[in-house]
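[1] pasting the sequence and the predicted coordinates here, then a few questions.
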Protein chains: 2
Amino acid sequence: MSKVDYALMYVTDDSIRDDNHFFAILEGALKGGATIIQLREKTSDTLAFYKRALRCKELCSNYEIPLLINDRLDIALAIDADGVHIGQSDMPYEVARRLLGNSKIIGLSVSNKEHAEQPNAQAADYIGISPIFSTNIKTTDLAKPLGILGLKEIRQIYKKPIVCIGGIHKDNTQEIIANGADGIAVVSAISKADNPEETSRELKNILCKTGTN
Amino acid sequence: MSKVDYALMYVTDDSIRDDNHFFAILEGALKGGATIIQLREKTSDTLAFYKRALRCKELCSNYEIPLLINDRLDIALAIDADGVHIGQSDMPYEVARRLLGNSKIIGLSVSNKEHAEQPNAQAADYIGISPIFSTNIKTTDLAKPLGILGLKEIRQIYKKPIVCIGGIHKDNTQEIIANGADGIAVVSAISKADNPEETSRELKNILCKTGTN
């Protein structure tokens, strides 16, 4: 795979069950300039997840944008996704690498500096600092926000791409990039926007000005 | 793989979160005569599922009993399980077969005669009639019980092994086998038994007398 652009990752919003709505937002994100997509489905059954993944893959391929699958290696393998994003409670990194092979992207969530120092983080293609700020997204495994200071600490010891997620919007994007992140990952900033395409474009413009591209 | 004995399938109880308790029951089922194990985890995260699966595999290997994974092909691949059991809302059969290869067991849940007539059921290694009777196990996808009449109807059109699940205990096992099933699958009959090993042995004795072995 050619060099991956982690600047603007749109992580899909699994609270949106209506497919028309779901894919309209995804297409808006792509049109507006998302550089990578992560499909995240935490509550749907495997068949529904697989069907969404197939359709996401088709859409992302049209825009030549890589698609990652959150957590589920079986879905990633089934649709030949570009990679997976795994958390600290998902499949161990070395097992994920064995199943996916060396040509696929594997990103790993880290919630503190100790996570980032582990061999699995060092071996991953990128890390996601999660959460960087507090967020309204309901998850069961949310750690304390790391903030800009936490990002700076991790940047000093981690040489590969860093993507930040959690409570990111237009007004704090610049600060994140200025302090060493290679990109931002957003859910609700785009999925709940009045105009996902326009918001995606605005975020992209801020990222370009701040220097990720 | 040599001929699989579907007579007594113990499906693990994911309501039991304590590992010591969980594996004591599993070992009781194996000692008592379970012929095949299905690991079913519907609520745990991937890492916890993977860890249980690894330990299940070691235990089943000690007893030379095959281990199937419910739904999750990634877990099955990660631990090199003997196969998977998939439902109508899980990965499509043909995708599961492509990912697992021809040497692994794939069983498919069917809830009516129409399901059993589908190409995926005909291609599967066995079908699980679910539910045969009403059950107290909480699941989100429970169809109307097929009963003995439903089993007899499906037996007439399905030539491969049939396993029944749902509300099965010592007092109705004989009737299920006498009407054409190759085996029974149980959760609570064993997991909630005062003595899982003894209950497993009693079920096995009924199955042997009725002629599955």
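    Right, received. Where do you want to start?

[2] quick one, strands of chain A?
    Under the criterion DSSP state E, chain A contains strands at A:8-11, A:36-39, A:67-70, A:83-86, A:105-110, A:126-129, A:162-165, A:183-186.

[3] export the last one to CSV, keeping only CA atoms.
    It stands for strand A:183-186. Written as CSV, here are the backbone C-alpha positions of strand A:183-186 (Å, rounded to 0.1, in the frame of the first residue of the first chain):
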residue,chain,number,x,y,z
GLY,A,183,-4.3,13.5,12.1
ILE,A,184,-7.7,13.6,13.8
ALA,A,185,-10.4,11.0,13.9
VAL,A,186,-14.0,12.3,14.4
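
[4] what does that strand contact?
    By C-beta atoms under 8 Å, 6 or more residues apart in numbering or on different chains, the residues outside strand A:183-186 that reach it are A:5-11, A:35-36, A:38, A:128, A:161-165, A:168-169, A:173, A:176-177, A:203, A:207, A:212. In short, each C-beta sits where N, CA and C put it, glycine included.

[5] now the strands of chain A as CSV including mean pLDDT and mean neighbour count?
    Formatted as CSV, the strands of chain A follow (pLDDT from 0 to 100; neighbours: other C-beta atoms under 10 Å in any protein chain shown):
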stretch, mean pLDDT, mean neighbour count
strand A:8-11, 98, 27
strand A:36-39, 98, 26
strand A:67-70, 98, 24
strand A:83-86, 98, 27
strand A:105-110, 98, 24
strand A:126-129, 98, 26
strand A:162-165, 98, 26
strand A:183-186, 98, 26
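
[6] columns distance to residue B:57 on top of those strands, output as JSON lines?
    Output for these, formatted as JSON lines (distance: least, C-beta to C-beta, whole Å):
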{"stretch": "strand A:8-11", "distance to residue B:57": "33"}
{"stretch": "strand A:36-39", "distance to residue B:57": "29"}
{"stretch": "strand A:67-70", "distance to residue B:57": "25"}
{"stretch": "strand A:83-86", "distance to residue B:57": "21"}
{"stretch": "strand A:105-110", "distance to residue B:57": "24"}
{"stretch": "strand A:126-129", "distance to residue B:57": "30"}
{"stretch": "strand A:162-165", "distance to residue B:57": "34"}
{"stretch": "strand A:183-186", "distance to residue B:57": "35"}
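
[7] in contact with the closest residue to residue A:42 other than its chain neighbours, which residues?
    Nearest residue to residue A:42, sequence neighbours excluded (C-beta to C-beta, 6 or more residues apart in numbering or on different chains): residue A:14, at 5.5 Å. Residues in contact with residue A:14 (C-beta under 8 Å, 6+ apart) are A:40-44.

[8] look up how far chain B lies from residue A:14.
    Using C-beta to the nearest C-beta, to the nearest Å, we find residue A:14 at a distance of 15 Å from chain B.

[9] pull up the residues of chain A that are close to chain B.
    A:45-48, A:50, A:71-74, A:77-78, A:88-92, A:95, A:99, A:141 (C-beta under 8 Å from any C-beta of the partner chain).

[10] which secondary structure elements does the lengthiest helix in chain A contact?
    Scanning chain A for the helix with the most residues, using DSSP state H, yields helix A:46-62. The contact analysis (3 or more C-beta pairs under 8 Å, 6 or more residues apart in numbering or on different chains; DSSP states H and E) places helix A:46-62 against helix A:19-32, strand A:36-39, strand A:67-70, helix A:73-79.

[11] could you rerun that using 6 Å?
    Helix A:46-62 makes packing contacts with strand A:36-39, strand A:67-70, helix A:73-79 when contacts are defined by 3 or more C-beta pairs under 6 Å, 6 or more residues apart in numbering or on different chains; DSSP states H and E.

[12] what's opposite residue A:185 in the beta bridge?
    Listed beta-bridge partners, residue A:185: residue A:9, residue A:165 (assigned using DSSP bridges).

[13] relative to residue A:88, how far out is the residue nearest to residue A:42?
    Distance, residue A:14 to residue A:88, by C-beta to C-beta, to the nearest Å: 19 Å.

[14] which stretches of chain A have low pLDDT?
    Within chain A, the ranges that satisfy pLDDT under 70 run A:1-2, A:137-141, A:211-213.

[15] please name the residues that touch the residue of chain A most remote from its centre.
    Going by C-alpha atoms, centre = their mean, the residue of chain A most distant from its centre is residue A:47, 22.2 Å out. For residue A:47, the contact set (C-beta atoms under 6 Å, 6 or more residues apart in numbering or on different chains) comprises residue B:89.

[16] give me the distance between the nearest residue to residue A:36 once chain neighbours are set aside and chain B.
    Counting by C-beta to C-beta, 6+ apart, the nearest residue to residue A:36 once its immediate chain neighbours are dropped is residue A:9, at 4.8 Å. Using C-beta to the nearest C-beta, one gets 21 Å for the distance from residue A:9 to chain B.

[17] could you do residue A:197 as well?
    From residue A:197 to chain B the distance is 32 Å (C-beta to the nearest C-beta).

[18] burial of that residue, as a residue count?
    When neighbours are defined as other C-beta atoms under 10 Å in any protein chain shown, residue A:197 has 19 of them.

[19] and for residue A:97?
    Residue A:97: 18 surrounding residues under other C-beta under 10 Å.

[20] quick one: it from chain B, how far?
    11 Å.

[21] now do the same contact list for residue A:30.
    Neighbours of residue A:30 in contact, by C-beta under 6 Å, 6+ apart: A:63, A:65.

[22] now with 10 Å, please.
    Going by C-beta atoms under 10 Å, 6 or more residues apart in numbering or on different chains, residue A:30 touches A:10, A:37, A:59-60, A:62-65, A:196-197, A:200.

[23] residue A:73 now?
    A:81, A:84, A:86, A:90-91, A:95-96, A:98-100, A:104, A:106, B:46, B:72-75, B:77-78, B:99.

[24] let's see it at 8 Å
    Residue A:73 is in contact with A:84, A:91, A:96, A:99-100, B:74, B:77-78, counting by C-beta under 8 Å, 6+ apart.

[25] just the closest of these to residue B:147, please.
    Nearest to residue B:147 among the contacts of residue A:73, counting by C-beta to C-beta, is residue B:74 at 35.0 Å.

[26] how close does that closest one get to chain A?
    4 Å.

[27] that residue and residue B:104: what is the separation?
    When distance is defined by C-beta to C-beta, residue B:74 is 14 Å away from residue B:104.
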